[in-house]
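Participant: kindly generate the corresponding structure for this input.
(chains A and B)
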Amino acid sequence: MKPPPFSYHAPDTIEDAVSLLGSLENAKLLAGGQSLMPMLNMRYAQPDHLIDLNRVAALAFIREEAGGIEIGAMTRQREVEYSKDVARLCPLLAEALPQVGHRQTRNRGTVGGSLAHSDGAAEIPTVAAALDARLTITGPGGAREVAYRDFPVGYLMTALGWDELLVAVHLAAWAPGHGWAFQEFARRHGDFAIVSAAALIERDAAGIVTRAALALGGMGAAPVRAEAAEAALIGRPGSEETIRAAADTCRSIEAQDDVHAPAAYRQKLAGVLACRALARAAQRAQASRVR
Amino acid sequence: MAETRKITCMVNGTERSLEVETRLTLADMLRRELGLTGTHMGCEHGVCGACTVLVDGRSARACLMLAVQADGAAVDTVEGLAPREDALHPLQEAFRDHHGLQCGFCTPGMLMTLKELLADNPDPSEDEVRMAISGNLCRCTGYQGIVDAALDAAARLREDAG
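Facilitator: The predicted model follows:
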């Protein structure tokens, strides 16, 4: 299998990348290549121009910012997996990372590539949904910010314009002592999840849940927030009973049928994984509260 | 006319300069341009792990990288694993001793993946070994021999280092 012929461009600044993207017909951005390269090898994608972002140093960074962390779009998934700042400020992302593909793909694959490819079963988008991530996007008209909830617009489609590129993702840290958990079911470690659940919980001194977020991956074209489950937890004690009732609401979230699993199976899994993730997050929130 | 680019990279410690088509994958460059056919091609779309090589010390699927992206990088393949022509690397010795291979197709990818794992983590648990090779498919061994070999190689390497 060979990629179709294309003109190859390797800019080393964001400005040059944007300018190439805006001036070339039928151009495609190459990030870590773990999704686009298979599409090129199988000729599902046939760009006339390939703009390789791997030499744009300004896109690869992890830095603490007010209230959270900012991760450059070309930061390798491996860097995030081993980042102490990520583990401290966004432990949910750190827990999800080892389940993103395999060692060999995380060494190359990038955070921005996963977000921009926008597979509805991918772990990084699911974490972005749970954390209400904000994305910085830039194009010929300058930079703009998009909330993650407005980013996926269909199957493998995002709010990115044809002449825009993703620069960074901002993840707001939850309160110190919050609980988190990422759970997924896949047939083989490293495969895309059939369903995944990303949970975050904050509790007060009495153990009452004061804040909760639950995102489910694999249900459809994009990760979904389980709003009914979140509402069922807030203001209540994080007991096993409350968590089970909250998780059960996930069984009625719309899901897709595909070659990997029927919708009903995904809905059942959503309930099971939500329950496990919420229970683990609640337990961690409790443990840190007592400390 | 196909677009080409001149690149220079270190392959198994030797500097190689060559002109490649920009659409050529790193795996095809190694096999066809350099004759290093130890890197195997299974699925050619990043699923089987047979083409795993090390790029600047990190395992990568050579079918998912373009040769032009290796410009300036150090690439290590299975051909560079053994220290001498008449000796095997401890990983290779352990694979032989534990029946870590039958047909041998997945072996180069397994070895390169495990080389990185053992460099990062000289004393992995069985679970860690299984997780590390989850991106490498083997249809012969059932993996047990490979896992046994990896654990034994880790012990041999620790002994050599100790």
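
Participant: give me the most central residue, chain B.
Facilitator: By Cα atoms, centre = their mean, the mean C-alpha position of chain B lies nearest to residue B:112, the distance being 3.0 Å.

Participant: quick check: closest non-adjacent residue to that one.
Facilitator: With Cβ to Cβ, 6 or more residues apart in numbering or on different chains as the criterion, residue B:112 has its nearest non-adjacent residue at 4.7 Å, and that residue is residue B:52. To be clear about C-beta, it is placed using only N, CA and C from the backbone, and glycine gets the same treatment.

Participant: could you list the domains of chain B?
Facilitator: Under automatic domain parsing, the residue ranges defining each domain of chain B are B:4-80, B:90-161.

Participant: and the last one, end to end?
Facilitator: Between the start and the finish of domain B:90-161 there is a gap of 12 Å, counting by Cα to Cα, to the nearest Å.

Participant: before we move on, what about stretch A:182-192?
Facilitator: 14 Å.

Participant: residue B:100 and residue B:137: what is the separation?
Facilitator: 14 Å (Cβ to Cβ, to the nearest Å).

Participant: likewise residue A:280?
Facilitator: 31 Å.

Participant: one step back: quick one: closest of the domains of chain B to residue A:211.
Facilitator: domain B:90-161 (32.5 Å; Cβ to Cβ).

Participant: for residue 85, helix, strand, or coil?
Facilitator: Since you didn't name a chain, this refers to chain A. Using DSSP: H, G, I helix; E, B strand; the rest coil, the structure places residue A:85 in helix.

Participant: thought it was touching residue A:61?
Facilitator: No - with contact defined as Cβ atoms under 8 Å, residue A:85 does not reach residue A:61; the gap is 10.7 Å.

Participant: which helix or which strand is home to residue 128?
Facilitator: Picking chain A for this. helix A:123-130 (DSSP states H and E).

Participant: I was thinking of chain B, sorry if that wasn't clear
Facilitator: helix B:126-132.

Participant: near chain B, which residues of the stretch 151-291 of chain A are found?
Facilitator: A:188, A:189, A:190 (Cβ under 8 Å from any Cβ of the partner chain).

Participant: would CSV of the residues you listed with pLDDT be doable?
Facilitator: Converted to CSV, those look like this (pLDDT from 0 to 100):
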residue, pLDDT
A:188, 86
A:189, 87
A:190, 87
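
Participant: can those residues go into TSV with extra columns for secondary structure?
Facilitator: Formatted as TSV, those follow (three-state DSSP):
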residue	secondary structure
A:188	coil
A:189	coil
A:190	coil
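
Participant: among those, name the buried ones.
Facilitator: Neighbour counting over those (16 or more other Cβ atoms under 10 Å in any protein chain shown) leaves A:189, A:190 as the buried ones.

Participant: do a quick rundown of the helices in the stretch 1-150 of chain A.
Facilitator: A:14-23, A:36-41, A:77-81, A:84-89, A:91-96, A:103-108, A:111-117, A:123-130 (DSSP state H, counting those that start in this stretch).

Participant: residue A:80: how many residues sit nearby?
Facilitator: 24 (other Cβ atoms under 10 Å in any protein chain shown).

Participant: so who does it touch?
Facilitator: A:62, A:71, A:86, A:93, A:94, A:97, A:111 (Cβ atoms under 8 Å, 6 or more residues apart in numbering or on different chains).

Participant: of the residues you listed, which is the nearest to residue A:221?
Facilitator: residue A:111 (20.0 Å).

Participant: measure that closest one to residue A:28 for me?
Facilitator: Counting by Cβ to Cβ - residue A:111 and residue A:28 are separated by 19 Å.

Participant: same deal with residue B:132?
Facilitator: 31 Å.

Participant: quick one: which of those two has more around it?
Facilitator: Neighbours per residue (other Cβ under 10 Å) separate residue B:132 from residue A:28, with residue B:132 holding more: 25 against 17.

Participant: just give the nearest non-adjacent residue to the residue in chain A positioned nearest to chain B, would you?
Facilitator: Closest residue of chain A to chain B, Cβ to the nearest Cβ: residue A:102 (2.7 Å). What sits nearest to residue A:102 in space, not counting adjacent residues and going by Cβ to Cβ, 6+ apart, is residue B:135, at 2.7 Å.

Participant: which residues does that neighbour contact?
Facilitator: Taking Cβ under 8 Å, 6+ apart as the test, what residue B:135 contacts is A:101, A:102, A:103, A:104, A:105, A:190, B:49, B:52, B:113.

Participant: ok, the closest residue to residue A:243 other than its chain neighbours to residue A:201 distance?
Facilitator: Distance criterion Cβ to Cβ, 6+ apart; nearest residue to residue A:243, sequence neighbours excluded, is residue A:278 at 4.7 Å. Using Cβ to Cβ, we find residue A:278 at a distance of 7 Å from residue A:201.

Participant: and those two? Which one has more around it.
Facilitator: Using other Cβ under 10 Å, the more surrounded residue of residue A:278 and residue A:201 is residue A:278, with 33 against 30.

Participant: what sits in contact with each of residue A:278 and residue A:201?
Facilitator: In contact with both residue A:278 and residue A:201: A:212, A:233, using Cβ under 8 Å, 6+ apart.

Participant: quickly note the distance from whatever residue of chain B ends up closest to chain A to residue A:53.
Facilitator: Shortest chain B-to-chain A distance, computed as Cβ to the nearest Cβ: residue-wise this is residue B:135, at 2.7 Å. Per Cβ to Cβ, residue B:135 is found 23 Å from residue A:53.
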